[in-house]
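>>> All I have is the shape, not the residue letters:
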């Protein structure tokens, strides 16, 4: 294992443990004096070790003896974490029998013994020296992309060339951003070689090869023929370069930038010369985003190679004779290309390896099945890991654990953003920040990992935030190797349980049924991924995360209530029907996810879970192909649910019970005490509940999302009785049920980004009340308006991107004035039986990318066909037009 990776893991372990120590000392204020003193000494020692590891991370070539030491630091950090959790466990009365075998004195001795061992070994390394004593400006990449054919980069090369040669009265900057091995250098080298002679001064600098900012400025001066003195410093060189380049045209490439300050130093030396260009390649999208101010700086994001070009490049490297794949190797080639996922580095290196092998299916399948082992440090594909791991090494300690957590999920698994952040929080990886919730900090962590091109945003929501994330297949192989070597996570893909060790800390079951019956005392997290039956043992006494969604459970596993340190419990997509009262024993539980189960009632005992932050108990009825009023099934809750004052998510609670007036009305009123609530879903609201709900949400200053549904399609939603100011931070609003009057307070929600009105049956046109909302991105009206015409005025809906109009039975005309809906990208029209004419003014919606129709009248659809009607010209600017009739798709336009 690479010493820098080992050091990174040890550093993350120590950093994580220090946060935990501080939190532990704060919470356990009544610690015995000897324990408190031992913890304080331990904290002092660990901070010294952390500083030593940080210093080592900035140097090069630590010796093997030091590598052994930092592995020992990691192991001791794990051991101390175990002691702290065991101490916490002893506070829970259910474990008195456990304490009789492990008295408190033994725990104290464990802490002191760990402290002594770390202290003795640290003394040997206080005077460690390393080969490099200068502060580096980056991480030198071992892979040279200069000699790679620019296959598949023709279009972006032309785009960059056009940008470089366009006449401008100023210098312009382009950041070329992409993950490791994505072809940034290849693309820019191809472009640079074609344009450099058009500029008086031109230079290419691989930034990561130089130790200091002074070295880079010196090289710039030398390349441009600028006379420099032997003692020239950064200030002197900056002045000389500005003087030389003033009024001259130049093109500069800064390849492989890792540190923002390097660019800032170079930027100060470059005058704003007419028609000059600076191109910067970097993996660090966060740096590019932070430097993007004004319209003179742009960002080009490298995209994966298309399947066509990926196959072309792969065949070119694997079949040197003619670049053609023989018939017998087509399937295994496709499978390898799927793992490469358009990454040129992987395609080239795996292709080169296969070019040396016999071109038989058996030989190629061996390579396919052994890719993970070939990627390791002594494997034939180790260069791939060397390139990819530089991004991992560059991470700060607090993000290393978060990134390694992706090793838990199977290849190509769709990881939901909110689930991942909640898991990080449950593990203790997210560090508190003043004025921010843990969830907000966790979202920042994820955003940085995405910007650093380590985690991929696979699907984006309407607001641009990722809903589904993942990692590249080759990146996952690297992560799995690190996680296995450093005992971060054990992935179970079959075999006997005896292969599991007592040191396993996180267990991910990805294949085959598993019954865990033997002792695994250190397991912190347990996952299963649709693998069949999984039996959990009560010996997981330190378990914090239990995520077994999708397993064939019919009953709630009773052993779960013995897992007293549990923080995260997901039984989503199982068939359990109830949860026991004894769940109240899980005092540390933060997330309870029972979505898509058969649970319809939560026992009153759950109100004792004071730390609970996310309570999700509901299911969707997916049986119907069209939207139905009762699609969401919620749960019955005790009227005292407002006792859960740390709740941030509550979905979906039922407002209706048999004895309405005495009980559930007070439950709705009591919601006002949930001051931390960010997301609230309420179903089965009676007419008389409306005023109480308005009063309650007016007392929720942090509410971001509200979903409210009436008892039935005949029961109105009375939501116009807002006596307090409405929640100013509300971004998402979903209303389902008749509205006798449109709630006037909605017009004041300046942060609102999405609103869905379903079965509202408004006689009053809601468009005037919504058209001035400055940040509204998505609007859905489903059986929400009984009028005949919708008119969109010029200059209104300034940010709207998605407009969804369905089941508006009386609608016969849509008018879009010139200048209206300036940002509209997607228009959905469905089941509007009286609408036979194309929306008037649709041809003026120049940004419209997609028009989707559902069960629209034949005359309407006919007019959109290419040869069906002269009016087709009104929509010919729309790249994609799809029409669905009883579920069958007709593509009317797909350019």
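That came through fine. None of the values given here were measured: they were computed from a predicted structure.

>>> I figured residue 172 hits residue 274, correct?
No. Using Cβ atoms under 8 Å, residue 172 is not in contact with residue 274; the gap is 10.6 Å. For every residue, glycine as well, the C-beta is placed using N, CA and C.

>>> Which of the two has more residues huddled nearby?
Between residue 172 and residue 274, residue 172 has the larger neighbour count (other Cβ atoms under 10 Å), namely 18 against 13.

>>> Now the more buried one. Nearest residue, chain neighbours left out?
residue 296 (5.2 Å; Cβ to Cβ, 6 or more residues apart in numbering).

>>> so for stretch 692-707, what's the average pLDDT?
The pLDDT scores in stretch 692-707 average 94.

>>> neighbours around the residue nearest to residue 172, how many?
With other Cβ under 10 Å as criterion, residue 296 counts 14.

>>> Please apply the same query to residue 859.
The number of residues near residue 859, taken as other Cβ under 10 Å, comes to 12.

>>> And for residue 885?
13.

>>> Return the set of buried residues in the strand or helix carrying residue 158.
Element membership of residue 158 [criterion: DSSP states H and E] is helix 154-165. The neighbour-count check on helix 154-165 (16 or more other Cβ atoms under 10 Å) flags 156, 157, 160, 161, 163, 164 as buried.

>>> Give me the distance from that helix to the chain's centre.
31 Å (Cα atoms, centre = their mean, to the nearest Å).

>>> Which of the helices or strands spans residue 44?
Residue 44 is part of helix 33-57, with elements assigned from DSSP H and E.

>>> And the next helix or strand after that helix, what's buried?
Toward the C-terminus, helix 33-57 is succeeded by helix 64-90 as the next helix or strand (DSSP H and E). Buried residues in helix 64-90, counted by 16+ other Cβ under 10 Å: 66-67, 69-71, 73-90.

>>> Name the SS class of the closest residue to residue 876 other than its chain neighbours, please.
Leaving out its chain neighbours, the residue that sits closest to residue 876 by Cβ to Cβ, 6+ apart is residue 893, at 7.5 Å. What DSSP: H, G, I helix; E, B strand; the rest coil gives for residue 893 is strand.

>>> In this structure residue 893 contacts residue 883, no?
No. In this structure, residue 893 is not within contact of residue 883 by Cβ under 8 Å, at 9.9 Å.

>>> shared neighbours of these two, anything?
Shared contacts of residue 893 and residue 883 (Cβ atoms under 8 Å, 6 or more residues apart in numbering): residue 864.

>>> Now residue 336: which helix or strand?
Assigned by DSSP H and E, residue 336 falls in helix 330-340.

>>> And that helix, what does it pack against?
In terms of contacts (3 or more Cβ pairs under 8 Å, 6 or more residues apart in numbering; DSSP states H and E), helix 330-340 is packed against helix 307-318, helix 344-355, helix 361-369, helix 473-485.

>>> Output these in CSV, with distance to residue 588 and mean neighbour count appended to each entry.
Shown next, in CSV, are the helices and strands packed on helix 330-340 (distance: least, Cβ to Cβ, whole Å; neighbours: other Cβ atoms under 10 Å):
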stretch, distance to residue 588, mean neighbour count
helix 307-318, 47, 19
helix 344-355, 42, 23
helix 361-369, 42, 14
helix 473-485, 25, 22
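
>>> Now render those helices as JSON lines, adding distance to residue 749 and mean pLDDT.
Putting the helices and strands packed on helix 330-340 into JSON lines (distance: least, Cβ to Cβ, whole Å; pLDDT from 0 to 100) gives the following:
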{"stretch": "helix 307-318", "distance to residue 749": "44", "mean pLDDT": "93"}
{"stretch": "helix 344-355", "distance to residue 749": "46", "mean pLDDT": "94"}
{"stretch": "helix 361-369", "distance to residue 749": "54", "mean pLDDT": "92"}
{"stretch": "helix 473-485", "distance to residue 749": "40", "mean pLDDT": "90"}
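
>>> Quick one: closest of those to residue 611.
Of all the helices and strands packed on helix 330-340, it is helix 473-485 that lies closest to residue 611, at 28.2 Å by Cβ to Cβ.

>>> Tell me how far the closest one lies from the chain's centre.
Going by Cα atoms, centre = their mean, where helix 473-485 is centred and where its chain is centred differ by 18 Å.

>>> Please work out which residues outside that helix touch it.
1, 5, 9, 179, 338-341, 343, 345-346, 371-372, 375-376, 384-385, 388-389, 392, 403-404, 406-407, 411-412, 454, 471, 488-491.

>>> do the same with stretch 432-452
In contact with stretch 432-452 (Cβ under 8 Å, 6+ apart) are residues 283-286, 289, 391, 394-395, 398-399, 402-403, 417, 420-422, 424-425, 429-431, 455-457, 466, 469, 613, 648, 676, 678.

>>> Name the residues of that stretch that are buried.
437-439, 441-443, 445-452.

>>> What of stretch 525-537?
Judged by neighbour count (16+ other Cβ under 10 Å), stretch 525-537 contains these buried residues: 525, 526, 527, 528, 529, 531, 534, 536, 537.

>>> Quick check: of these, which lies closest to residue 604?
Ranked by distance to residue 604 (Cβ to Cβ), these are led by residue 536 at 25.8 Å.
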